[in-house]
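Enquirer: sequence plus predicted model, see below.
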Amino acid sequence: MEEAMRDGVAAQRERLMEGLRIYGGHYAELSRRFAAWLGLHSTDATAVLEIAAAEERGMPLSPARLSERISLSTGATTALLNRLEAAGHITRTREHSDRRIITLRSGTHIQERADEFFGPLAHRLDTAMSHYPQDLLEQFESFMTDLNSTMDAHLTERRTTTTPHSPGTLGDQPR
C-alpha cells in the first residue's frame, strides 16, 4: 500500500513537473518576444522586468539581488546596468539610510511598455483563473511557495557540495 502511494505521488509529481516545464518554456518564449519587441537583448529585458516587478511589489532590487535573480556575475550585472542606464531604461538611486546601498528603478516607459505587452495575457490569465474557487487558488499559491522553497534549498545545497566529474562527462570536456 505504501509503495503504491509513493508510486502515485511520483507519477503525479512527474505530470506536474512536465506541466511546469511546459509553462517555463512558454514563459521563456514570451520573455524572448518581449525582448525583441523592446529591441533589447533577452538578458537585458529579463533584468528590466525583474526590476519593474520588484518595484511593483514594493520591494525594489539592489544590483546584488538582481545579480542573484538573473544568475549573472557581479561584473556582468554592472555592465548590464550600465547599458540599461545609458539607454534610459533604469536608474540607480541611493534611497537607503546606508548611502552605499543602491536601489534600482525602472524608467516609466518600461512599465508602460510591459503593461502594453503583457496586459492582454494578464486578462487571459485572469479569465482562466476565474474558473477556479478562491481556496483552490490559495492552495496552489501555497503549493508553488513550497515547490520554490524546495528548489531553492536544493540549489543552495548543490552550490556548496560540488562533485568532480568523471573524464568524458558533461562539464569536463577537453578543449
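Expert: That came in fine, so what should we check first?

Enquirer: going by neighbour count, list what's buried in the helix or strand hosting residue 123.
Expert: Assessed by DSSP states H and E, residue 123 sits inside helix 108-129. Neighbour counts over helix 108-129 (16 or more other CB atoms under 10 Å) mark 110-111, 113-114 as buried. Any C-beta I mention is one placed from the backbone N, CA and C, and that applies to glycine too.

Enquirer: contact partners for residue 133?
Expert: With contact set as CB atoms under 8 Å, 6 or more residues apart in numbering, residue 133 has no partners.

Enquirer: for residue 56, which non-adjacent residue is spatially closest?
Expert: Nearest residue to residue 56, sequence neighbours excluded (CB to CB, 6 or more residues apart in numbering): residue 111, at 7.7 Å.

Enquirer: so what's that neighbour up against?
Expert: 52, 55-56.

Enquirer: distance of it relative to residue 147?
Expert: Note on residue 111: its distance to residue 147, by CB to CB, to the nearest Å, is 28 Å.

Enquirer: is the closest residue to residue 41 other than its chain neighbours in a helix, a strand, or coil?
Expert: Leaving aside its chain neighbours, residue 41 sits nearest to residue 35 (6.5 Å; criterion: CB to CB, 6+ apart). With DSSP: H, G, I helix; E, B strand; the rest coil as the basis, residue 35 sits in helix.
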